[in-house]
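>>> Got a predicted structure plus its sequence, pasted below:
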Amino acid sequence: MSLFDLTIAGAGAALAKREISAVELTAAYNGAVAALNPRLNAYITTTPELALAQAKAADARIAAGEAGPLTGIPLAIKDLFCTAGVRTTAASKILEPFVPPYESTVSGKLLEAGAVMLGKANLDEFAMGSSNITSGYGAVENPWKREGSDAKLVPGGSSGGSAAAVAARMAMGATGTDTGGSIRQPASFTGLAGIKPTYGRCSRFGIIAFASSLDQAGPMARNVEDCAILLQAMAGFDTKDSTSAERVVPDFRAAAGKGVKGMRIGIPAEYRMDGMSAEISALWEQGITWLREQGAEIVDISLPHTKYGLPVYYIVAPAEASSNLARYDGVRFGARVDGEDLIDMYERTRAAGFGPEVKRRIMIGTYVLSAGYYDAYYLRAQKIRALILRDFTQAFGKVDAILTPTAPSAAFGLGEKMDDPVTMYLNDVFTVPASLAGVPAMSVPAGLSAEGLPLGLQVIGKHFDEESVFAVSAAIERAAGFSALPALRAK
Amino acid sequence: MGYMLEGSTGAWEIVCGLEVHAQVISESKLFSGASATYGGAPNAQVSFVDAGFPGMLPVINRECVAQAVRTGLGLKAQINLFSRFDRKNYFYADLPNGYQISQFAHPVVGTGDVEIELQDGTIKHIGITRLHLEQDAGKSMHDQHPSKSVIDLNRAGVALMEIVSEPDIRSPEEAGAYLRKIRQILRYLGTCDGNMEEGSMRADVNVSVRKPGEDFRTRCEIKNVNSVRFVMHAVEAEARRQIEVWESGEEVRQETRLYDPSRGETRSMRSKEDAHDYRYFPEPDLLPLVLEESWVEGLKAALPELPDEKRRRFCEEYGITFYDAGVLVAEQAIADFYESVAKGRDSRLAANWISGDFFAAMNRTGGSIENPPVSATDLGALIDLITDKTINGRIAKDVFEEMVETGKAPGAIVEEKGLRQVTDTGAIDAAVAAVLAANPDKVAEYKSGKDKLFGFFVGQVMKAMAGKGNPALVNEAVKAQLG
């Protein structure tokens, strides 16, 4: 068995028993990154020396008997998390020279737990995208291939670099952020487990903001248990984020082992969309059967405002983004293009620094907040957002968790769905409602498409009930026995 | 009829409302832990939150909220237990985030009331529309470098209270009285130092004019006026400008203007069409601000006595005039000084001394109430010497000057210089007899009806006694001996 076959849980055990060393493990992963990153472009910045130093420290900690489950585990950190002394770009040219002097709370917690950072993972610019093609540092290639084809596929987005890195075994796990599906959709596209916890479960401090009321950090890993281990370390109240929740963090790993016997699982009628592929439909049915077989009760539910999810999301998220991105003005940090006067400098800096998708969303957001349009767009969107939340609250009166597909398709080709941004936005149709409601949701690999690409199912839970989400996801994982591996990976 | 301005078409009434921006006294800024004190080296008091760095988040400072609530209570205003922060979006180099966190739709304080007093003693009420919390911007300086502007972010993120009045103000005098009153209340509460020179308090002045009985006409806003006097001048100048515009057959356009104190006039800054679209929306980085009633009650219970109440109490408790009480409560520290002098003493005499010789000495020596020319203890001791008749009032003035000059206690000065007043009737009688004997002609004139000479005799006696004679006893003795 190669080091690359180890899960986080498995490696943790091997490290604890001193069967392997953290330095050995990290060196192997550094090697995988060096070998595969030029092809896949999963990392914007790699930090092999820092990783080795952290691995040495981890070995010392293990030797001293002070290790935790993440001590010595090499991870990819999405380049949206500020990392002290390590360049953080948000995949935008406007932050190309930016080296934060501070550490995000979530990445800081992982480092405190002894995790090793291999580098900063690529993403869609400012997390705006569903295919990782909007990155200012080049697209990320999905390590999976369609059967019999060498065509480059997208890894999904925005956490596409994180997804590709973990899938190709250039990291054991990764942090992602999810605003409308940015953890779940790429997890689905790359055969990984990934959870967006409840809004407020993880601190947003030090994470470069896209849409503040939706952004939430979460882990991506090869299986549900690894996600539970990672989230355990990432979660928790933070006085530096007023929207983080002052709540006890439960034992997620234990929850993943609980089973689903007696649980009620909701199947929302509105997610059976017109034109849904037979493959996705069949996978969903399969998931239902698996859960029923393990003793869950399947309940038909309705989330009547689902169809408004995407339009509401594409008003609220750009509105907040247009304001959040105003600080990238060339005055205090990041890139600057000098101009005739202040306004000219702003215009030149932002024109050169932002890519087209970011500009599009800033314009949409500025428009929907403008005098005369605010009521028709932003205010109405907020009202419908409240109705979407009510849909979930009512449904969770009847069920413990909800099962849906994660994405409407498997990974698509690089260059596909490029003509019309709206086609791209449709990728988020199943993931956006949980984001708007702030409830936890996880994608778990459940099968392969006819072309041999991974497909995920999504489990949605009640606010702060990640435990049920982990339990249901683990049940699907067990039943699915998903063991396929991507074509490109470290061996 | 109130204050009117005469135009060519008749009398015009001024309609004015003020938006006062008051910097909150607090250790740290509204949303960051950086120091909020004045006067640090440029950019020395800036956190990454204040500088709008990526990933930084605001966290509300509880003390700033408490200060806003105290101010609301001091303005007899409604405290809103639910309020919310919004983002006001605009680009400027000294606004690091590209938005200011403010309160737009749901301010922390609602309607209130402020009592002002005019020169003629009239009391008038000015309504408060609202008070909200917001963060200050940094400071741009354009005169430090030939081609560059420099920015100091020390002030960026400091908490401001914006106090908005109803358009109840009808004259420059009322505008000045209102602003002074707001400053007085804030200083009493300790929520703002009211220092307009340092910019910790400034006012936006909304002015329109109308014919008596009319509805409101279009108003103009004069931004950032930074003294009471300038506010009064700006109201007058702007009102006169608008009257001219209306009377020339034009329309006043709604716009933002600036007051130029050197020219005593306002000039256009930007028109309504150029006004920013601030794209307000709820600040998603902060939860709504929800206050507990009991917390507000606790703040209320701990409020200091405010000037209006103190003034009324001074009248009742110390038997001084409403006017004198007004002078003495102008500042909390003066009121405290007065009370420590007046307690257990002749409180009217104490009031006279403070508003008379004491203030005169303070002005003359450039002192302040915090650094007074004589201490409250010494002034009290001086008054004691007067009331127990150790010295008379005239000598007391000399002793007071000596106190100011040397800082010595009054008792010591009296002893040292032998200023104790003479109450020995034998000595007084002898002095009177000597004076009368020396002025037989004047005595004759007096006796033939020239009553005014009485004062002459008293003065001569006092002079002969080096001013130390007890004035009442001297009077009596002169009267008796003149028979």
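It's in.
>>> Which single residue of chain B approaches chain A most closely?
Proximity of chain B to chain A (C-beta to the nearest C-beta) peaks at residue B:98, 2.4 Å away. C-beta here means a position set from N, CA and C on the backbone, and glycine is covered the same way.
>>> Compute the number of surrounding residues for the residue nearest to that residue when sequence neighbours are not counted.
Once its chain neighbours are removed from consideration, residue B:98 has its nearest residue in residue A:326; the separation is 2.4 Å (C-beta to C-beta, 6 or more residues apart in numbering or on different chains). The tally of other residues near residue A:326 (other C-beta atoms under 10 Å in any protein chain shown) stands at 22.
>>> mind listing what's buried in the longest helix along chain A?
What stands out as the longest helix in chain A, according to DSSP state H, is helix A:22-40. Within helix A:22-40, the residues scored as buried using 16 or more other C-beta atoms under 10 Å in any protein chain shown are A:22-23, A:25-30, A:32-33, A:36-37, A:40.
>>> show me what contacts the residue of chain B closest to chain A?
A:323, A:325-327, A:329, B:52, B:89-91 (C-beta atoms under 8 Å, 6 or more residues apart in numbering or on different chains).
>>> What residue in the stretch 251-400 of chain A comes nearest to chain B?
Nearest residue of the stretch 251-400 of chain A to chain B: residue A:326, at 2.4 Å (C-beta to the nearest C-beta).
>>> which residues touch that residue?
When contacts are taken as C-beta under 8 Å, 6+ apart, residue A:326 is in contact with B:89, B:91, B:97-99.
>>> ok so, going back, hmm, which two among the contacts of residue B:98 are most spread apart?
A:325 and B:90 (14.2 Å; C-beta to C-beta).
>>> of these two, who's got more company?
Neighbour comparison, residue A:325 and residue B:90: the larger count goes to residue A:325, with 28 against 14 (by other C-beta under 10 Å).
>>> Under the pLDDT cut-off, which ranges of the stretch 1-150 of chain A? List them.
Counting by pLDDT under 70, the stretch 1-150 of chain A has low-confidence residues at A:1.
>>> Could you find the closest non-adjacent residue to residue A:159?
Counting by C-beta to C-beta, 6+ apart, residue A:159 lies nearest to residue A:176, which is 3.4 Å off, once chain neighbours are set aside.
>>> so who does residue 25 touch?
By default, I'm working from chain A. When contacts are taken as C-beta under 8 Å, 6+ apart, residue A:25 is in contact with A:3, A:6, A:11, A:15, A:55, A:72-74.
>>> Chain B, not that one
Counting by C-beta under 8 Å, 6+ apart, residue B:25 makes contact with B:67, B:190-193.
>>> Report the distance from the longest helix of chain A to the chain centre.
Using C-alpha atoms, centre = their mean, to the nearest Å, we find the averaged C-alpha position of helix A:22-40 to lie 22 Å away from the chain's own average C-alpha position.
>>> which residues are contacting the next helix or strand after that helix?
Scanning the chain past helix A:22-40 towards its C-terminal end, the next helix or strand to appear is strand A:43-46 (assignment: DSSP states H and E). Judged by C-beta under 8 Å, 6+ apart, the contacts made with strand A:43-46 from elsewhere in the structure are A:30, A:33-34, A:37, A:76, A:79, A:86-87, A:89, A:91, A:118-122, A:135, A:137, A:161, A:165, A:170.
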